[in-house]
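Chemist: Next comes the sequence, and after it the predicted model I'd like to discuss.
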Amino acid sequence: MKKTLSLICGLAPALGHAAALDGSQLSLLWALPFAGILLSIALFPLLAPHFWHTHFGKVAAFWAAAFVLPCALAFGWEVAGGVIAHALIEEFIPFILLLFALYTVSGGILVWGNLHGSPALNTGLLALGAVLASLMGTTGAAMLLIRPLLKANDNRRHNVHVVVFFIFLVANIGGGLTPIGDPPLFLGFLKGVGFFWTLEHMFAPVALCVLLLLALFYAVDSHYFKKEGVLPRDKTPDTHGIKLYGKFNFLLIAAVVGAVVMSGIWRPGVEFRLAGATLSLQNLVRDLLLVAIALLSLWLTPRQVRAGNDFNWFPMQEVGKLFAAIFIVMAPAIAILRAGEAGQLAPLVGLVFDAEGTPRDAMFFWMTGVLSAFLDNAPTYLVFFNLAHGDAQHLMGPMASTLLAISAGSVFMGAMSYIGNAPNFMVKAVAEDRGVKMPSFFGYMAWSAAILLPLFVLVTVVFFHF
């Protein structure tokens, strides 16, 4: 029996009575369920689309069980239950409630009328979205603007590139200016990084990336527009002018942002324990406010407004089921990373410092970024934040360039895959629901590698040193 458990543990039998996963004792075999769910997301929609559309929740549950059951056998149900509680209560539930609130409220804002998706208009919408992403978060900006953008381009013969650049700019890079913009920066804010430090130091790299991507998009969109033109019949009928319905939902979006900021500023020091997880009072109040705001939007918004947006809950269901499993199965990978030089990813962790212990900013940028593309970028940010030094005041001072590298890597390279940042998957789901044939998991990565990797090399040369 001991030999069997040792095999299941991947040479980690010492963790049997630990309160949590000890990454220094875990082998990389524990990351197999995480690799499995990534491959499922990548391959099933391509090879078995009907099966995936019907059973993606069961597939996600299978991979979650593929981690939880061996974990319980190896380390005991207390450890397995603790991992589940931490993943769901402390991470997934706040994550999904924020998405639920922003998705619900933004779905109550209807732009009625037909914007014609010319290259100039599309570029303007992407620029607006990039600005709004730092003011109302990447999720809020993405969910607010994706539907008007899709309607404006529903008569274009080729519109996939419009959504892909939208993910680059609005769902990721545009959120790099404030802690409200993207979850990793908000975690830095909670750790003591100044609100305006982020704006001051991230402005130049964000501006460079946004301007270059907008220029490239305009060139690409102009090429397709001139080459293919538009369909004979516009799917969205022309109307007399553009009208905006559900405008009070903008106040509710501001309320969502206020609730999130409140949880980072108000620190009453009151905590609760639930199934081994820790709940802070400010976070509990924030989550209750988010639910109340979403319900208020559902109550006050006329059904006709949501019908005009083709509003439905499938994107939320897909993101909720998949990310619930992802948050669970990525726990061992995060634990191994947190173990630093004591874990089996020590060679990767060791790349970020030279022999004298001096941080290599360029490697912090790339290591944080590459891992953020496949792990949730928020905990990845925290891993490298603590690895660099852990003290916000020191990082903002003598190690400001290193903190900038960690911040930029986690925000920018979340755009490299559909799962790098939650809005990516939501935008994909909304676009597919509106009839856009989005690229597969690997197809999207072909777009991101071709466009973003050269851009990030330029960012490295301009802003960071090896």
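Modeler: Ah, there it is.

Chemist: so how far is Leu187 from the nearest residue to Ala130 once chain neighbours are set aside?
Modeler: Closest residue to Ala130 apart from its sequence neighbours, by C-beta to C-beta, 6 or more residues apart in numbering: Gly174 at 3.2 Å. In this view, the C-beta of every residue, glycine as well, is placed from N, C-alpha and C. Distance of Gly174 to Leu187, given as C-beta to C-beta, to the nearest Å: 18 Å.

Chemist: returning to what we had before: verify the stated contact: the residue nearest to Ala130 with Thr139.
Modeler: No - in this structure Gly174 lies outside contact range of Thr139 using C-beta atoms under 8 Å: 11.8 Å.

Chemist: sorry, back to before: so for Gly174 and Leu187, which sits in the more crowded spot?
Modeler: More crowded of Gly174 and Leu187, by other C-beta atoms under 10 Å: Gly174, with 30 against 19.

Chemist: gap between the more buried one and Pro45?
Modeler: Distance, Gly174 to Pro45, using C-beta to C-beta: 27 Å.

Chemist: Could you tell me whether Thr54 really is in a helix?
Modeler: Yes - under DSSP: H, G, I helix; E, B strand; the rest coil, Thr54 falls within a helix.

Chemist: Give me the below-cutoff pLDDT ranges for the protein.
Modeler: For the chain, applying pLDDT under 70 flags the ranges 1-19, 113-114, 229-241, 466.

Chemist: ranges for the strands of it?
Modeler: Applying DSSP state E to the chain gives strands spanning 110-112, 243-245, 271-274, 277-280.

Chemist: quick one, which of those is packed in tightest?
Modeler: Most buried of the strands of the chain, by mean neighbour count (mean count of other C-beta atoms under 10 Å): strand 110-112, with a mean of 20.

Chemist: Partner strands of that strand and their direction?
Modeler: Strand 110-112 has its sheet partners listed here by DSSP bridges as strand 243-245 (antiparallel).

Chemist: How far off centre is the partner strand?
Modeler: 29 Å (C-alpha atoms, centre = their mean, to the nearest Å).

Chemist: same check, this time on stretch 407-414
Modeler: Centre-to-centre, stretch 407-414 and its host chain are 10 Å apart (C-alpha atoms, centre = their mean).

Chemist: And for stretch 82-89?
Modeler: Centroid separation for stretch 82-89 versus its chain: 19 Å, with C-alpha atoms, centre = their mean.

Chemist: Straight-line length of that stretch, end to end?
Modeler: In terms of C-alpha to C-alpha, to the nearest Å, the two terminal residues of stretch 82-89 are separated by 10 Å.

Chemist: Next: stretch 395-405.
Modeler: End-to-end distance of stretch 395-405 (C-alpha to C-alpha): 11 Å.

Chemist: For that stretch, which outside residues touch it?
Modeler: When contacts are defined by C-beta atoms under 8 Å, 6 or more residues apart in numbering, stretch 395-405 is touched by residues 188, 193-194, 197, 201-202, 205, 359, 361-362, 364-365, 368, 385, 388-389, 463-465.

Chemist: Could you do stretch 139-147 as well?
Modeler: 98-99, 102-103, 105-107, 109, 111, 125, 128-129, 132-133, 135-136, 163, 166-167, 170-171, 174-175, 253, 256-257, 309-310, 422-423, 426-427, 430-431, 434.

Chemist: Can you go through the residues you listed and name the buried ones?
Modeler: Buried subset of these (neighbour count, 16 or more other C-beta atoms under 10 Å): 98-99, 102-103, 105-107, 109, 111, 125, 129, 132-133, 135-136, 163, 166-167, 170-171, 174-175, 253, 256-257, 309, 422-423, 426-427, 430-431, 434.

Chemist: From the residues you listed, which land in helices?
Modeler: If you go by DSSP state H, the buried ones among the contacts of stretch 139-147 have 98-99, 102-103, 105-106, 125, 129, 132-133, 135-136, 163, 166-167, 253, 256-257, 422-423, 426-427, 430-431 in helices.

Chemist: Find the residue at the geometric middle of the chain.
Modeler: Asn421 (1.6 Å; C-alpha atoms, centre = their mean).

Chemist: Spit out the contact partners of that residue.
Modeler: Contact analysis of Asn421 by C-beta under 8 Å, 6+ apart lists 138, 171-172, 182, 377, 414-415.

Chemist: which residue sits closest to it, ignoring its sequence neighbours?
Modeler: Using C-beta to C-beta, 6+ apart, the nearest residue to Asn421 is Gly414, at 3.6 Å.

Chemist: show me what contacts that neighbour?
Modeler: Contact partners of Gly414, counting by C-beta under 8 Å, 6+ apart, are 172, 182, 372-373, 377, 420-421, 424.

Chemist: Farthest-apart pair in the residues you listed, please.
Modeler: The span of those, defined through C-beta to C-beta, is set by Asp182 and Ala373 at 13.8 Å.

Chemist: Look at those two and report which has more neighbours.
Modeler: Shown here are Asp182 and Ala373; by other C-beta under 10 Å, Asp182 has more neighbours (33 against 24).

Chemist: In helices only, show me the contacts of stretch 395-405.
Modeler: Using DSSP H, the subset of these located in helices is 188, 197, 201-202, 205, 361-362, 364-365, 368, 385, 388, 463.
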